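1. For reference, the sequence and a predicted model appear below.
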Amino acid sequence: MSGMVGSRIRELRAARGLTVARLAEAADVSTGLISQVERNLADPSLETLRRVARVLDVPLFSLFTDAEPEPVAVVRRDRRMRVASPDSDITYTRVSPGQGRLEVLEGELAPGGSSAPEPLAHPSEECAVVTSGELTVEIAGTAYTLGPGDSCYFDSRMPHRYVNNGREQARFYVSVTPPSF
């Protein structure tokens, strides 16, 4: 998988006319790290990938896909792309193929965990549906607690994050359009 990510970053960087040094500077990471990732010598953190995707102006998950989307895509449960962050207690698996105008993710969040230390914003619309456990969605300083079957739709340009204040694992689906995770 890391080979795919490095090749995709190199492809997107070149298509935008960016040097390794310029991409590194804009993403606030070292030139050596970008070079190593592109040559498959290092595995970047989720935060590094977020920064790089932001600079390249692409959704995070697009770094894990081929450039050309398929007209029909089936994503088998056992073949889903899984992403976990070392800085949070959340894990996402991509339910949608990662190509197109809609991203669907299945999330799992441990008790006491959050999706990010601080609320983040991105230019999208988002809808979360809880399937089990309890999930609090913090949006622009207001907390909305959801249980199984509850949903929350919001403009992702408002700072937000997911928090599990419950005692069991929270499971939920998130749809994002356009993709920006």
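-> Alright, I've got the coordinates.
2. Work out the sheet partners of the helix or strand bottoming out on mean pLDDT in the chain and label each with its direction, please.
-> Using mean pLDDT, DSSP states H and E, strand 82-84 stands out as the lowest-scoring helix or strand of the chain, at a mean of 75. Strand 82-84 has its sheet partners listed here by DSSP bridges as strand 90-94 (antiparallel).
3. What is the subsequent helix or strand relative to the strand it pairs with?
-> Downstream of strand 90-94, the first helix or strand assigned by DSSP states H and E is strand 103-109.
4. ok, residues contacting that next one?
-> Contact with strand 103-109 is made by 59, 61, 80, 89-96, 115, 128, 133, 135, 162-164, 169-181, as judged by C-beta atoms under 8 Å, 6 or more residues apart in numbering. C-betas here are computed from N, CA, C, even on glycine.
5. Now do that strand against strand 90-94, angle only.
-> Counting by axes from the mean of the first three to the mean of the last three C-alpha atoms, to 10 degrees, strand 103-109 lies at 150 degrees to strand 90-94.
6. Give me the buried positions along the helix or strand following strand 103-109.
-> For strand 103-109, the succeeding helix or strand toward the C-terminus, using DSSP H and E, is strand 125-132. Applying a neighbour-count criterion of 16 or more other C-beta atoms under 10 Å, one finds Glu126, Ala128, Val129, Val130 buried in strand 125-132.
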